[in-house]
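Chemist: Need coordinates for the below:
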Amino acid sequence: MKRAPRTIFLIDDDEDVRQALQMLLKTVGFAVEAFPSALAFLERRGRERLGCIVADVRMPGLSGLQLLERLAAEGEGMPVVVITGHGDVNACRRAFKSGAVDFLSKPVDEGVLLEAVETAFSRLAAQERVSHEVAEAAALLTRLTQREREILNMVAQGWATKEIARALDLSPRTVETHRANIAEKLGTTSIAEMVRIVLSTTPARPSP
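Modeler: Numbers count the residues shown, from 1 in each chain. Okay, the predicted model is just below:
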């Protein structure tokens, strides 16, 4: 089955640049949706397919950097490639701090742009794999009882059966029965796999 073309959301207030980049990206097989401003892009959010955003830095209303920072604050997962004709170190730093894939200067080298876009789609694919793994792990955990989930968390922290039994005031045999049920419901007897399932559904703690 033929794969649907990958979508790029191109945002640039310069019509000539927008048309030139749109033609380039379509020529190499991407689907392109072009917008004259960041606000125009935001107005149609919720309908977009997942894809890569290519945005200019300086635009009226809402700059490309402000758009990038807003998307980052909202947890938007689509990768962003920033392009600019007025780049400086501070703008570059702000872009990468907000998760930009690359920061490219105009006139944009075609090869460099396409390489950045491919990197962006690789990042997007990795994010989708992680999301899929998290969803699968969460679905598995819903099969466990509250007691089984409690024991699983202790197993994931390295607790031995006897330690769990003492902490929960259970017999070691009862704990082993729970562990057998957990293994059956999760479809694995591997402690490492159980740890992965628990960690994949545990929110990361922010760095101090």
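Chemist: Now do the closest residue to residue 170 other than its chain neighbours: how many residues are near it, please.
Modeler: Excluding the flanking residues, the one nearest residue 170 by C-beta to C-beta, 6 or more residues apart in numbering is residue 164, at 7.4 Å. Where you see a C-beta, it was placed from the backbone N, CA and C, and this is true even at glycine. Number of residues near residue 164 (other C-beta atoms under 10 Å) recorded here: 21.
Chemist: repeat for residue 71
Modeler: When neighbours are counted by other C-beta under 10 Å, residue 71 comes out with 22.
Chemist: how far away is it from residue 128?
Modeler: Distance, residue 71 to residue 128, by C-beta to C-beta, to the nearest Å: 17 Å.
Chemist: can you check residue 169 too?
Modeler: 43 Å.
Chemist: swap in residue 5?
Modeler: 17 Å.
Chemist: before we move on, what about residue 25?
Modeler: Relative to residue 128, and taking C-beta to C-beta, residue 25 is found at 21 Å.
Chemist: which of those two has more neighbours?
Modeler: Between residue 25 and residue 128, counting by other C-beta under 10 Å, residue 25 is the more crowded of the two (24 against 12).
Chemist: Go ahead and list the helix or strand containing the more buried one.
Modeler: Using DSSP states H and E, residue 25 maps to helix 15-27.
Chemist: With just CA atoms, put that helix into PDB.
Modeler: Output of helix 15-27 as PDB, limited to C-alpha atoms (Å, rounded to 0.1, in the frame of the first residue of the first chain):
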ATOM      1  CA  GLU A  15       5.000  35.200  -0.400                       C
ATOM      2  CA  ASP A  16       8.000  34.700  -2.800                       C
ATOM      3  CA  VAL A  17       9.900  32.600  -0.200                       C
ATOM      4  CA  ARG A  18       6.700  30.700   0.700                       C
ATOM      5  CA  GLN A  19       6.000  29.800  -2.900                       C
ATOM      6  CA  ALA A  20       9.600  28.800  -3.600                       C
ATOM      7  CA  LEU A  21       9.900  26.600  -0.500                       C
ATOM      8  CA  GLN A  22       6.500  25.100  -1.200                       C
ATOM      9  CA  MET A  23       7.500  24.100  -4.700                       C
ATOM     10  CA  LEU A  24      10.800  22.600  -3.500                       C
ATOM     11  CA  LEU A  25       9.200  20.500  -0.800                       C
ATOM     12  CA  LYS A  26       6.300  19.300  -3.000                       C
ATOM     13  CA  THR A  27       8.800  18.400  -5.700                       C
END
